[in-house]
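Engineer: Curious how this folds, go ahead:
(chains A and B)
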Amino acid sequence: MTFATSKFRAFLPAATFAMAAEFLMGLSDSVICGHVLGETGLSAVNLMQGVFEIVTFVGMMVTVGSCVHFSTELGALHVRRAHGYFTLGFFASIAFGLAFAAALAVLRHPVLTAFGASKEVTELASAYWVWFLPAAMLEPLAFFLGTLAYADGDARLSLFSYCVQLVGNCLVSVPLTIYFGAAGCAVGTGIGSFLAIVVLLFHFCRRGCMLGFSRHFSVLPDLLRIFRTSLGDASKNVGKAALIFALNAYVIAHFGSEMLPVLAVVVMTIGISEVFDGVANAAQPLASVYIGERNSFLTKRVMRAALRMALGEGAAAMLVLLAYPNLILMMAGVSDPTVVPAALFAVRVASIALPGLALVLLFNSYYVFIGRETLATLLTLAAVLVVPAALFPAMGSAWGARGVWAALGLAPLVSLAVFAVYEMVRWGFRIFPFLLQGGRDAALRVFDLELDPASICLASAGVEKHLLQKGIDAARASKAALLVEEALMVVRDRNGGRRTLAEVTVDLNDGLTLVLRDDGEIFDITDADASVSSLRSYLVSNLMTAIPNRRNLTTTGFNRNVFKL
Amino acid sequence: MEIKTKSEGSTLTISVSGRVDTVTAPELEAGLKFGDAKCVVLDIAEVPYMSSAGLRLLLTSHKAMLAKGGEFKIVNVQPSVSEVLSITGFADILNIA
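Structural biologist: This is a model prediction of the structure:
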């Protein structure tokens, strides 16, 4: 297993669990209100789903762009610029949270009136809305800190914060909902967000924490850059919010409020796709750094692993729900015998969307990473809004409510097919689907190894042979080989018997650049003044003096050393 | 790695070919048996690469010969190995012809 795929897989459980926790957080209020207040409570919270999506959208508008630019700048070894993006994102998420909460306070009455739901449902939704304002204010900051701590390699703390938020929300919301109804549930959500922020502040105490504040940013240009990058990724939430608003209105108008519980389970089913965003999130820290290094070869390697994983997760979720659709009904608390048959059918049909949505979400994030935000936005809006919004009224007219659910199931596949054809025609089959020009690949060579003497010497000899084949003079080739062997042996000695993976990149695109990456103990091997304890460390120290153009930067929690030879 | 030895009177010439790295250094170490030789000549014309593991052997061999009043000479050093010896300062310690 290569360093890149191994790290991707190491990030995956935390990223997937974090997304599952986030999905469950979004779901938790529906579940709590559904079970405590009955199907009216479920319908009321479901009316709020659009608002939840916008809360996520607001958080993402700041977070995604900040995170991508932070990682990419670190990849390019621009630490102060990376800190600038962090600083800007941090304060923007606070400002946006406040502004959004203020906007929600004003919009409550007109939006709820526009739905035209029954009086009982509207009253519950209204009470929930008022007490949801603190959560709407805090959530963007919680999301920002969680994502940036994760991108900085602290997957465990990020995951723990999600767990604290979820468990805290549930523990507080249940009793509050029993005593205060939907309003109590909303208060619990805000408390969960606050607890998550408190937990995430501990990341700043971590050794190797690369998050920091600096004044190296220009508010307006950098904020616009962040928004532009975020828009591609956040578009899925605004698209979903718009679709849910449209579906609510369409279903109430054509099939009545009694069909809302079925719509709620369909929204939950499609909402599972949020978990698949964990795949893109697992790939993001590494992919962004590789993109910052302009290493197309390793970027594609990570994304291929992500592609396989996304397809697998999507297909597995679909199969589970085709076989056991009642899982969703149980979660939603739907048990009314007049609703259950329609809901079971709806879950099965909607689950067909899941593999397609997994791919849409992955490529959405990926196109954002590589700076094709417009393509990301168009693909996502097509899959989550335009195509389903075009299909569901047509299929709803032809086959009733069943047609609506089927339209939602088919929409992602239709969108993917259209975009695949478009991309192949526009950019050619050769670089589809990653859209990276392969020109730099020819001058890139990567050696993956688990640190033991034999594999280190093999990599060292491989580097030398490769450089000689590429016409590099023997002295430089030998120096590069020596650096690889000695530096990696020092890393190995430093980590004792612990299994340590490393990756050596030889980049001949702009001169000779050597990148050594390892997942061992964090230390700066480029420090020429480091203490010398052996002949090997003495040689490494002298080599560092002989290579003035060198840099060490802890990136995504791993050692990264860059040498220009 | 290939190691050839030739003895002429009290002079022992050891010719080495191949990379001297962490893995191959023990092989070279096993081949560096000096017996009663008063002068040992290490010919590394065919050694294009030497890491610290090789340097350690050069240093211990040099010290061992000095201890018994003998001489340890290194000849035909390739530029790439010569640079390593310079970087480490070994060029000033060892007897390089």
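Engineer: Spell out which parts of the stretch 401-550 of chain A neighbour chain B.
Structural biologist: Residues of the stretch 401-550 of chain A lying near chain B by CB under 8 Å from any CB of the partner chain: A:453-454, A:456-457, A:460-461, A:464, A:474-475, A:477-479, A:481-482, A:485-486, A:489, A:535-536, A:538-539, A:542-543, A:546. For the C-beta atoms, the positions are set from N, CA and C on the backbone; glycine is no exception.
Engineer: List buried residues within those.
Structural biologist: A:453, A:456-457, A:460-461, A:464, A:477-479, A:481-482, A:485-486, A:489, A:535-536, A:538-539, A:542-543 (16 or more other CB atoms under 10 Å in any protein chain shown).
Engineer: Can you give the contact residues for stretch A:509-519?
Structural biologist: A:3, A:6-7, A:293-295, A:440, A:443-444, A:451, A:463, A:467, A:472, A:476, A:480, A:483-484, A:487-488, A:491, A:500-507, A:525, A:555, A:558-565 (CB atoms under 8 Å, 6 or more residues apart in numbering or on different chains).
Engineer: excluding its backbone neighbours, what's nearest the residue of the stretch 51-200 of chain A found nearest chain B?
Structural biologist: Taking CB to the nearest CB as the measure, the point where the stretch 51-200 of chain A comes nearest chain B is A:Leu77, at 24.9 Å. Distances taken as CB to CB, 6 or more residues apart in numbering or on different chains place A:Arg551 nearest to A:Leu77, at 5.4 Å, with adjacent residues excluded.
Engineer: Just the mean pLDDT for the helix or strand hosting that neighbour, thanks.
Structural biologist: Element membership for A:Arg551, per DSSP states H and E: strand A:550-552. Average pLDDT, strand A:550-552: 91.
Engineer: in chain B, which spans are helices?
Structural biologist: B:25-31, B:52-67, B:79-88, B:90-93 (DSSP state H).
Engineer: Of all these, which one is nearest chain A?
Structural biologist: helix B:79-88 (3.5 Å).
Engineer: which ones among the residues of the stretch 401-550 of chain A next to chain B are found in helices?
Structural biologist: Reading helices off these with DSSP H, I get A:453-454, A:456-457, A:460-461, A:464, A:474-475, A:477-479, A:481-482, A:485-486, A:489, A:535-536, A:538-539, A:542-543, A:546.
Engineer: The strand or helix carrying A:Leu220: which residues count as buried?
Structural biologist: According to DSSP H and E, A:Leu220 maps onto helix A:219-255. Buried residues in helix A:219-255, counted by 16+ other CB under 10 Å: A:222-223, A:225-227, A:229-248, A:250-252, A:255.
Engineer: Repeat that for stretch A:522-538.
Structural biologist: Buried, per 16+ other CB under 10 Å, within stretch A:522-538: A:Phe523, A:Ile525, A:Thr526, A:Leu535, A:Arg536, A:Ser537, A:Tyr538.
Engineer: give the contact list for the closest residue to A:Thr189 other than its chain neighbours.
Structural biologist: Nearest residue to A:Thr189, sequence neighbours excluded (CB to CB, 6+ apart): A:Ala135, at 4.2 Å. Neighbour list for A:Ala135: A:Val55, A:Ala186, A:Thr189, A:Gly190, A:Gly192, A:Ser193 [criterion: CB under 8 Å, 6+ apart].
Engineer: part of a helix, is the fourth one?
Structural biologist: Spelled out, it's A:Gly190. Yes: looking at A:Gly190 with DSSP: H, G, I helix; E, B strand; the rest coil, it is inside a helix.
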